[in-house]
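**Student:** A structural model of the following input is requested.
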Amino acid sequence: MHVEKPEHQTVRQLAARFVAALPSQLHRIKAFQDNYLWILQDPASSRCWVVDPGDAAVIVEAAEAKALEIDGILLTHHHPDHQGGVDALIAWAAGQGRRLKIYGPQDARIHHDAVAAGEGDRL
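**Tutor:** Numbers count the residues shown, from 1 in each chain. Presented below is the predicted three-dimensional model:
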């Protein structure tokens, strides 16, 4: 019997493969009372991606402290602690003349201009 997995699990698996495949530096950013946000940095440059930015302020603070250039956002699912900071990050990047790429699951609860990503997709 074949059981379909929820879409967010598929994207979580995609995120795990994305992290494993990249020669990246992973920055763990403490957020809220019991959570972490993640920045994946290309070790050869200052370019990076943010995974599930629930709080834009701590991401911006970390990016500026480390002189990182955020290229995009990877969303694993719709919860506010994972996507709550997306709009503020988009505005922050726009203020610097940049447009962030956003990837995430095909889910009506994600209210951003995200490119749908799922099992087997390559970023």
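**Student:** burial of the closest residue to residue 89 other than its chain neighbours, as a residue count?
**Tutor:** Distances taken as CB to CB, 6 or more residues apart in numbering place residue 56 nearest to residue 89, at 4.7 Å, with adjacent residues excluded. Glycine gets a C-beta too; all of them are placed from N, C-alpha and C. As a burial measure, residue 56 scores 20 neighbours (other CB atoms under 10 Å).
**Student:** Verify the contact between residue 69 and residue 50 for me.
**Tutor:** No: taking contacts as CB atoms under 8 Å, residue 69 lies outside contact range of residue 50: 11.4 Å.
**Student:** Please identify which of those two sits among more neighbours.
**Tutor:** Taking other CB under 10 Å, residue 69 and residue 50 do not tie; residue 50 has more neighbours (28 against 14).
**Student:** Secondary structure element for the more buried one, which one?
**Tutor:** Mapping residue 50 onto the secondary structure by DSSP states H and E places it in strand 47-51.
**Student:** Just checking: what are the partner strands of that strand?
**Tutor:** Paired neighbours of strand 47-51 in the sheet (DSSP bridges): strand 35-41 (antiparallel), strand 69-74 (parallel).
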